[in-house]
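Peer 1: Attaching a predicted model along with its sequence, questions to come.
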Amino acid sequence: MTRRRSRPPIRRDALSFTTTRQFPTSRLRRMRRDDFSRRLMREHTLTTADLIWPVFVLEGEGQREAVPSMPGVERLSLDLLIEEAREAFALGIPAIALFPVVGTQLKSELAEEAYNAAGLVQRSVRALKEAIPGLGIITDVALDPYTSHGQDGILDEAGYVHNDRTVETLLKQALSHAEAGADVVAPSDMMDGRIGSIRQVLEQEQLVNTRIMAYSAKYASRYYGPFRDAVGSAGNLGKADKTTYQMDPGNGDEALHEVALDLAEGADMVMIKPGMPYLDVVSRVKDELRVPTFAYQVSGEYAMHMAAFENGWLEADAVILESLLCFKRAGADGVLTYFAKRAARLLATT
């Protein structure tokens with residue numbers, strides 16, 4: 001039975017009492033009859049404060065590239081991104097999540113460009129914070145946009161992602177983002193121990209207010225395909241996968257262990273990814289750990305919705321808001337969604 005996350009678990013005697021209610025004394029439709037009573041008893045609501053907008057930034061000026069597998073989503077040069085971000089902020093969206101599109105010439109085996117102080121992400125953070133100081137900037141701490149092989153880490157001689165060597169590079173990347181002014185660094189790599197190491201470095205450098213959003217339960221999912229197209233890592237990854245470090249989709253208990261470890265190491269908030277197929281994990285994390293919990297409505301989820309909308313199979317506006325409300329009901333405090341701006345406009349009119 002799903003519990004309201006603001007209340008303690010239901011006692012058995014209370015549950016037994018509620019199941020003795022019978023028709024016609026109890027007519028549950030009574031409260032559904034009118035809009036006012038439906039609103040009064042609504043357990044969860046969706047607001048613009050629940051939305052985080054993922055964006056893709058590329059080099060150049062005046063550049064706008066469509067992502068074919070994500071209709072309506074574009075890669076934007078920084079000048080255009082700033083204008084779009086201003087609009088998002090005006091709509092009430094509290095934060096954006098920044099993902100870079102890195103040129104082939106900057107990719108390497110060791111992902112050195114990831115921590116370049118003059119790199120695309122670092123420059124974008126500085127420009128966005130100067131242009132829109134009140135907008136939260138979340139940066140992706142991961143190496144796959146920068147590696148020539150498309151993996152999220154440094155490979156050893158056998159082609160296995162070396163955990164501790166990767167963490168060394170992630171530390172440099174996270175620090176460069178924080179020094180550029182990122183409000184939140186979001187390690188999405190799933191290496192063991194990286195949250196504690198990043199927190200220690202941030203403390204040492206007096207960047208004590210830089211928040212960490214840990215992708216604590218990131219599954220080795222096939223729903224990420226369009227995202228990899230968007231950032232340009234799909235071709236580098238080829239037929240390889242990320243099953244040796246991202247989570248097995250069949251596991252739920254393991255997610256709780258991963259989240260608990262990241263919290264113990266200094267994460268301020270945690271992420272479950274993908275979103276809708278893993279709402280059970282969102283619910284368990286929120287119910288059992290009671291921490292700021294976020295979910296990512298990933299590129300594959302977005303692409304499926306858009307395909308249905310474009311074919312007239314689903315009612316777009318209503319389904320967008322319903323899908324996001326489901327995250328809230330499951331326990332998510334916020335959702336990363338490519339529908340963020342569209343949803344914010346809809347919420348402004350409801």
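Peer 2: Cool, the structure landed. Numbers count the residues shown, from 1 in each chain.

Peer 1: so Asp144 sits in a strand?
Peer 2: No - secondary structure of Asp144 (DSSP: H, G, I helix; E, B strand; the rest coil): coil, not part of a strand.

Peer 1: do you know how far it is from Ala214?
Peer 2: To Ala214, Asp144 is 17 Å away according to C-beta to C-beta, to the nearest Å. Heads up, the C-betas are built off the backbone N, CA and C, glycines and all.

Peer 1: ok, now Glu59?
Peer 2: 29 Å.

Peer 1: before we move on, the earlier item: compare Asp144 and Ala214 (neighbour count), which wins?
Peer 2: Neighbours were counted for Asp144 and for Ala214 using other C-beta atoms under 10 Å; Ala214 has more, 29 against 26.

Peer 1: Three-state assignment for that one, please.
Peer 2: strand.

Peer 1: can you tell me which residues contact it?
Peer 2: Residues in contact with Ala214 (C-beta atoms under 8 Å, 6 or more residues apart in numbering) are Ala186, Pro187, Ile195, Val259, Asp262, Ala267, Met269, Val270, Met271.

Peer 1: try 7 Å
Peer 2: Ala214 makes contact with Pro187, Ile195, Asp262, Ala267, Val270, Met271, according to C-beta atoms under 7 Å, 6 or more residues apart in numbering.

Peer 1: Okay, and which of those residues map to strands?
Peer 2: Within these, residues falling in strands by DSSP state E are Pro187, Val270, Met271.

Peer 1: so how far is stretch 166-180 off the chain centroid?
Peer 2: The chain centroid and the centroid of stretch 166-180 are separated by 19 Å under C-alpha atoms, centre = their mean, to the nearest Å.

Peer 1: hmm, who's touching it?
Peer 2: Applying C-beta under 7 Å, 6+ apart, the set of residues contacting stretch 166-180 is 111, 114-115, 117, 121-122, 125-126, 139, 141, 143, 153-154, 185, 187, 189, 191, 193-194, 197-198, 201-202, 205, 207, 210.

Peer 1: Give me the buried positions along that stretch.
Peer 2: The neighbour-count check on stretch 166-180 (16 or more other C-beta atoms under 10 Å) flags 166-167, 169-180 as buried.

Peer 1: Just the pLDDT for the residue nearest to Val102 when sequence neighbours are not counted.
Peer 2: Distances taken as C-beta to C-beta, 6 or more residues apart in numbering place Pro145 nearest to Val102, at 4.7 Å, with adjacent residues excluded. Here the pLDDT value assigned to Pro145 is 93.

Peer 1: again, but for Phe227
Peer 2: Residue-level pLDDT assigned to Phe227 equals 79.

Peer 1: burial of the closest residue in space to Met31 that isn't next to it in sequence, as a residue count?
Peer 2: Setting aside the residues directly before and after it, Met31 is nearest to Ser37 in space (C-beta to C-beta, 6+ apart), at 4.9 Å. Neighbour count of Ser37, defined by other C-beta under 10 Å: 12.

Peer 1: Would you agree Ser37 is in contact with Arg29?
Peer 2: No - using C-beta atoms under 7 Å, Ser37 makes no contact with Arg29, being 10.5 Å away.

Peer 1: who's in contact with stretch 88-101?
Peer 2: Contacts for stretch 88-101 (C-beta under 7 Å, 6+ apart): 48-49, 51-58, 75, 85, 120-121, 124, 132, 134-140, 145, 186, 231-232, 336, 340-341, 344-345.

Peer 1: For the stretch 201-350 of the chain, which segments are assigned as strands?
Peer 2: Remark: strands assigned in the stretch 201-350 of the chain by DSSP state E, counting those that start in this stretch are 211-218, 269-273, 293-297, 334-337.

Peer 1: re the thing from before, using neighbour counts, trim the contacts of stretch 166-180 to the buried set.
Peer 2: Neighbour-count burial (16+ other C-beta under 10 Å) applied to the contacts of stretch 166-180 gives 111, 114-115, 121-122, 125-126, 139, 141, 143, 153-154, 185, 187, 189, 191, 194, 197-198, 201-202, 207, 210.

Peer 1: distance of Ile171 from His305?
Peer 2: Careful, residue 171 is Leu and not Ile. 37 Å.

Peer 1: What residues are bridge-paired with the spatially most central residue of the chain?
Peer 2: Centroid check for the chain by C-alpha atoms, centre = their mean gives Tyr296 as the closest residue, at 3.8 Å. With DSSP bridges as the criterion, Tyr296 is bridged to Leu336.

Peer 1: and the gap between it and Glu205?
Peer 2: Applying C-beta to C-beta to Tyr296 and Glu205 gives a distance of 28 Å.

Peer 1: low-scoring stretches of the stretch 101-250 of the chain, by residue?
Peer 2: Within the stretch 101-250 of the chain, the stretches with pLDDT under 70 are 232-238.

Peer 1: Is the closest residue to Ile198 other than its chain neighbours in a helix, a strand, or coil?
Peer 2: In space, and not counting its chain neighbours, Ile198 is closest to Ala174: 4.6 Å by C-beta to C-beta, 6+ apart. Classification of Ala174 using three-state DSSP returns helix.

Peer 1: how close does Ala174 sit to Asn251?
Peer 2: Distance of Ala174 to Asn251, computed by C-beta to C-beta: 27 Å.

Peer 1: which residues sit against stretch 36-54?
Peer 2: With C-beta under 7 Å, 6+ apart as the test, stretch 36-54 has contacts from 4, 31-32, 88, 91-97, 99, 138, 321, 324-325, 328-329, 334-338, 340-341, 343-344, 347.
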